[in-house]
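Asker: Let's see this in three dimensions:
(one chain, ligands or ions: 3)
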Amino acid sequence: MKRNLIMMLLPLALFATTTAQAFDKATIEKGEYLSRAGDCIACHSIPDGAPFAGGLAIDSPFGKIYSTNITPSKTAGIGNYTLAQFDAALRHGKRADGSNLYPAMPYPDYAMLTADDVKALYAYFMEGVAAVDQQAPTTALSFPFNQRWGISFWNWMFANDKAYQPQPSKSDNFNRGAYLVQGLGHCGSCHTPRGIAFQEKSYDESDASFLSGGKVGIWEAPSLRGGDKGALANWSKAEIIDYLANGRNNTTAVAGEMTSVITHSLSYLTQEDLAAIADYLKSLPGDGKALAMTAAATKKTSDELNSAKVGINSGARLYLDNCSACHFTEGQGAARVFPKLDGNALVNDEDPSGLIHVVLAGARLPSTKGTPEALAMPAFGWRLNDDEVAQLLTFVRHAWNNQAPAVTAEEVAKVRQTIPQSVMNATRP
Ligand code: HEC
Ligand code: HEC
Ligand code: HEC
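Answerer: Ligands and ions are numbered 1, 2, ... in the order given. Down below sits the predicted model:
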């Protein structure tokens, strides 16, 4: 009897699950692609944790903010969110209970999204993601930052809440690129400088500060302005696309915080979307940050290196002994294998912390669909002392066409303190 009842209810249950499937496959797939473009996974997962289950601690000037579980779990995630509530969270920073989200969630950028794209994302998060019934840690900032209502004032003063308006005078490629960069890609959250209230100084190209360079911890997120004399003026469109897809191109290789953006997000985008992004960056008026590259400057440094004496611990000698095997005496590296140090943004950053970090701790290029080999730069922290790293980098920052201030042993010591010994010893023979 019992069994019969189950047999009778089974078609009903099947019927219930099929009708609950409110979205078609194409919409869910579109949502998955958009979630890649928005890099939701980077913040809403912990390394080796279940996708989108949250729990990542994000450092803010006010304390640690934990990302939430955005799987469709009804007990621990956003399973009870309606489309309207999901939209309010994504574009306006409002939680389902009506309270404000902290802007560690990049809603001032996501505000640019079209209603259609929000709907596709909703479809994916409701029906394409596996539910995880595990609560993420609760964010507990100290007073007054625990007063979420206070964020309303911040939103009113500083946040963007306008959807992207296509510009009819511009090409479709420009508009698609602008939409991706300003909105889902939230490139400005790292590459635009922050103002007094930690807000992005601008949200689109109408202001010269847009994408003119920002800071992520110790890493500089360089200017992305590609017009005449802009920081990316020396990059061709193809080089920008190659970098975004594979983390490397003929001249540069990615390190630091951008590595994860490429691994989890940009390497999944179509060539058309990457081309639109490149076109848009190339259209941004220059900010004068492009270095003048002359053959004479390159030759001068090569001569200096060729005459550096064995046994004398100068910056040039340290470069020859430790770096030139891969980056070469012309500082040109090797296309798609060893980045060029001549004119490199990280090398020329005013603040040398990120550069010091790469030398002490090494760096690893991501493995992407297009370029699976994960190349690594060895760690030199075990081998060079603070004074040697300072001399070496002072040389590199003046070599070839580079023009950046000298590095002191104290600056090296400060970065060294933040790196575990095991990391610096990783490549010790
Ligand atoms: C830069 C980090 C970051 C990225 C990228 C990000 N989020 Fe968030 N998100 C957060 C943080 C942190 C919170 C929690 C903020 C708080 O507690 O006030 C949050 C909260 C949310 C919430 C509210 C959930 C709740 O009930 O608390 C939703 C929905 C959400 N994010 C969806 C998304 C989607 C969809 C994407 C990708 C399009 C995304 N997020 C990308 C950091 C991020
Ligand atoms: C989480 C912060 C973050 C986000 C989001 C981010 N970037 Fe970056 N980006 C960085 C950092 C840090 C670097 C420097 C990497 C290095 O030194 O190797 C960088 C480097 C770059 C470079 C190389 C510039 C150069 O001169 O070497 C390009 C191009 C770039 N990003 C494009 C983008 C685009 C386009 C987006 C949005 C789709 C984006 N980034 C989003 C942090 C970020
Ligand atoms: C065995 C080869 C090798 C040696 C030796 C080497 N590097 Fe590298 N280096 C690499 C590779 C490969 C990368 C790309 C890794 C990445 O960026 O994630 C790299 C990246 C870098 C970067 C980051 C560039 C960027 O745009 O983010 C800098 C700066 C750098 N190396 C400087 C040095 C200095 C200074 C030395 C000498 C102390 C040195 N390297 C020695 C292979 C090497």
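Asker: any idea how far residue 237 lies from residue 312?
Answerer: Distance, residue 237 to residue 312, using CB to CB, to the nearest Å: 45 Å. Glycine gets a C-beta too; all of them are placed from N, C-alpha and C.
Asker: Pick out whichever of these two has more residues nearby.
Answerer: residue 237 (16 against 8; other CB atoms under 10 Å).
Asker: ok, and the closest non-adjacent residue to the more buried one?
Answerer: Using CB to CB, 6 or more residues apart in numbering and skipping residues adjacent in sequence, the residue nearest residue 237 is residue 278, 4.7 Å away.
Asker: list the buried ones in whichever strand or helix holds that neighbour?
Answerer: Residue 278 is part of helix 271-283, with elements assigned from DSSP states H and E. For helix 271-283, a neighbour-count test (16 or more other CB atoms under 10 Å) marks 273-283 as buried.
Asker: So which of these is the closest to residue 216?
Answerer: Set against residue 216, the nearest of the buried residues of helix 271-283 by CB to CB is residue 281 (18.2 Å).
Asker: Now stretch 39-59: average pLDDT?
Answerer: Average pLDDT, stretch 39-59: 95.
Asker: Repeat that for stretch 418-429.
Answerer: 87.
Asker: and that stretch, is it in reach of ligand 3?
Answerer: No - interface with ligand 3: stretch 418-429 contributes nothing (CB under 6 Å from any ligand atom), its closest point being 8.8 Å away.
Asker: before we move on, what about stretch 202-221?
Answerer: No - on the criterion CB under 6 Å from any ligand atom, stretch 202-221 is out of touch with ligand 3, staying 9.4 Å away.
Asker: tell me the SS of residue 326?
Answerer: helix (DSSP: H, G, I helix; E, B strand; the rest coil).
Asker: ugh, wrong one, I meant residue 163
Answerer: coil.
Asker: dump the residue contacts of it.
Answerer: Shown in contact with residue 163 (CB atoms under 8 Å, 6 or more residues apart in numbering): 91, 111-115.
Asker: Look up how far residue 91 lies from it.
Answerer: Distance of residue 163 to residue 91, computed by CB to CB: 8 Å.
Asker: The residue in the stretch 101-250 of the chain positioned nearest to ligand 1 sits in which helix or strand?
Answerer: Of all residues in the stretch 101-250 of the chain, the one sitting closest to ligand 1 is residue 105 (3.2 Å; CB to the nearest ligand atom). Applying DSSP H and E as the criterion places residue 105 outside every helix and strand.
Asker: Can you show me the strands along the protein?
Answerer: Taking DSSP state E to define them, one finds strands in the chain at 57-60, 63-66, 214-216, 219-221, 363-364, 376-377.
Asker: quick one, phi/psi of the closest residue to residue 352 other than its chain neighbours?
Answerer: Closest residue to residue 352 apart from its sequence neighbours, by CB to CB, 6+ apart: residue 407 at 4.8 Å. When read as degrees, to the nearest 10, the backbone of residue 407 gives phi -110, psi 140.
Asker: got the contact list for residue 407?
Answerer: Taking CB under 8 Å, 6+ apart as the test, what residue 407 contacts is 352, 355-356, 389-390, 393-394, 397.
Asker: same thing with residue 31?
Answerer: With CB under 8 Å, 6+ apart, residue 31 has these contacts: 120-125, 128.
Asker: Now do it against ligand 1, distance only.
Answerer: 9 Å (CB to the nearest ligand atom, to the nearest Å).
Asker: go on, residue 264?
Answerer: 10 Å.
Asker: Assess the claim that that residue and residue 36 are in contact.
Answerer: Yes - contact criterion CB atoms under 8 Å: residue 264 and residue 36 qualify, at 7.5 Å.
Asker: Run through the residues that contact residue 273.
Answerer: 37, 176, 180.
Asker: Could you check what's spatially nearest to the first one, not counting adjacent residues?
Answerer: Of all residues not flanking residue 37 in the chain, residue 184 sits nearest, at 4.3 Å (CB to CB, 6+ apart).
Asker: What ranges does the stretch 201-350 of the chain have for its helices?
Answerer: Assigned by DSSP state H, counting those that start in this stretch, the helices in the stretch 201-350 of the chain fall at 237-246, 258-264, 271-283, 295-306, 315-322, 324-327, 345-348.
Asker: Worst mean pLDDT among these?
Answerer: Across these, the lowest-scoring stretch is helix 295-306, with a mean of 85.
Asker: wait, does that helix contact ligand 3?
Answerer: No - on the criterion CB under 6 Å from any ligand atom, helix 295-306 is out of touch with ligand 3, staying 12.8 Å away.
Asker: Okay, angle between that helix and helix 315-322 too, please.
Answerer: Interaxial angle of helix 295-306 relative to helix 315-322 (axes from the mean of the first three to the mean of the last three CA atoms, to 10 degrees): 70 degrees.
Asker: okay, the contacts of residue 163 in CSV with distance to residue 291, pLDDT and neighbour count next?
Answerer: Formatted as CSV, the contacts of residue 163 follow (distance: CB to CB, whole Å; pLDDT from 0 to 100; neighbours: other CB atoms under 10 Å):
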residue, distance to residue 291, pLDDT, neighbour count
91, 39, 97, 22
111, 35, 97, 20
112, 32, 97, 25
113, 36, 97, 23
114, 39, 97, 13
115, 43, 96, 10
